[in-house]
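Enquirer: Need coordinates for the below:
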Amino acid sequence: MQDTVQPVRVVDGDDMTALAVVSFDWPRTWNVSGGKFSATLHCTDPRRYSFQSHEWYLSGSYDVGSGFDYSSPEGVDYPISYGDDGVTASNSATLTNEGNSVAYPTFTTIGDFPGGFRLQAADGSILEWSDRVSSAAPVMIDTFNHRCMILGTEYSTPLSRREWFTVPKFGSLGVSLVPLQLSTGMMRVIMHDTYM
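Expert: Below is the predicted model of the structure:
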């Protein structure tokens, strides 16, 4: 096996994932019907992560057709409807970490953000992408490594505000998505409970 860091699922009373290099020690005598061997995990990251991830979706879509409606050919219809407040779905979520160490969410765009977007945490921290985002080239923001990726290539230049945030141990953090222009995009948030 190659010495590369791989996610390894460890079930030892808890169902966890660790990032590790795995090495095997085989005995000199090996029998096809069975035998003993040892596997050693060399973890580059001291944290363990819940195998099952948490997932949230933040909407960046706005309905620009709301407001007072004069569209009836007969004039104003009664009762009068003033439309909605413009937001068609929730643009915020509360990220919850049940682990005993801080957690680092990952954000990935889905769809188009013609003017970019802002991720604002309840603690006042802001991550702001000030460039166009298309559905063909989603932006992935990794809060653990403090970097942005587009199609597997690091590209953090358009991240004009870099107030990185984490989710506290045994805690939660509210996060809101604010498009910087009318948008049809969404944001997928993935996070694992994190343990030390």
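
Enquirer: Report the buried residues of stretch 40-52.
Expert: The neighbour-count check on stretch 40-52 (16 or more other C-beta atoms under 10 Å) flags 47, 48, 49, 50 as buried. Where you see a C-beta, it was placed from the backbone N, CA and C, and this is true even at glycine.

Enquirer: ok, now stretch 112-124?
Expert: 112, 113, 116, 117, 118, 119, 120, 121.

Enquirer: OK, contacts around the residue nearest to the second one when sequence neighbours are not counted?
Expert: Which is residue 113. With C-beta to C-beta, 6 or more residues apart in numbering as the criterion, residue 113 has its nearest non-adjacent residue at 4.0 Å, and that residue is residue 133. Listed by C-beta atoms under 8 Å, 6 or more residues apart in numbering, the contact set of residue 133 reads 109, 112, 113, 114, 116, 117, 139, 185.

Enquirer: State the mean pLDDT of the helix or strand containing the first one.
Expert: Taking DSSP states H and E as the criterion, the element that holds residue 109 is strand 106-110. Along strand 106-110, the predicted local confidence has a mean pLDDT of 93.

Enquirer: Quick check: what element follows it along the chain?
Expert: Beyond strand 106-110 in the direction of the C-terminus, DSSP H and E gives the next helix or strand as strand 117-121.

Enquirer: residues making contact with that next one?
Expert: Strand 117-121 has contacts (C-beta under 8 Å, 6+ apart) with 60, 107, 109, 126-129, 133, 141, 161, 163, 165, 173-180, 183, 185, 187.

Enquirer: which pair in the contacts of residue 133 spans the largest distance?
Expert: Using C-beta to C-beta, the pair of the contacts of residue 133 lying farthest apart is 114 and 139, separated by 13.2 Å.

Enquirer: What count of nearby residues applies to the closest residue in space to residue 90 that isn't next to it in sequence?
Expert: Nearest non-adjacent residue to residue 90, counting by C-beta to C-beta, 6+ apart: residue 59, 6.0 Å away. Using other C-beta atoms under 10 Å, the number of residues around residue 59 comes to 20.

Enquirer: and residue 59, what are its bridge partners?
Expert: Beta-bridge partners for residue 59, by DSSP bridges, are residue 186.

Enquirer: What's the separation between it and residue 158?
Expert: Distance of residue 59 to residue 158, computed by C-beta to C-beta, to the nearest Å: 21 Å.

Enquirer: buried set for the longest strand along the chain?
Expert: Counting residues, the longest strand found in the chain (DSSP state E) is strand 15-25. Within strand 15-25, the residues that count as buried by 16+ other C-beta under 10 Å are 16, 17, 18, 19, 20, 21.

Enquirer: partners of whichever helix or strand comes after it in the sheet?
Expert: Using DSSP H and E, the helix or strand that follows strand 15-25 in sequence is strand 38-43. The strands beside strand 38-43 in its sheet (DSSP bridges) come out as strand 15-25 (antiparallel).

Enquirer: quick one: average pLDDT of the strand it pairs with?
Expert: 73.

Enquirer: can you give me how far it is from the chain middle?
Expert: Distance of strand 15-25 from the chain centroid (C-alpha atoms, centre = their mean, to the nearest Å) equals 24 Å.
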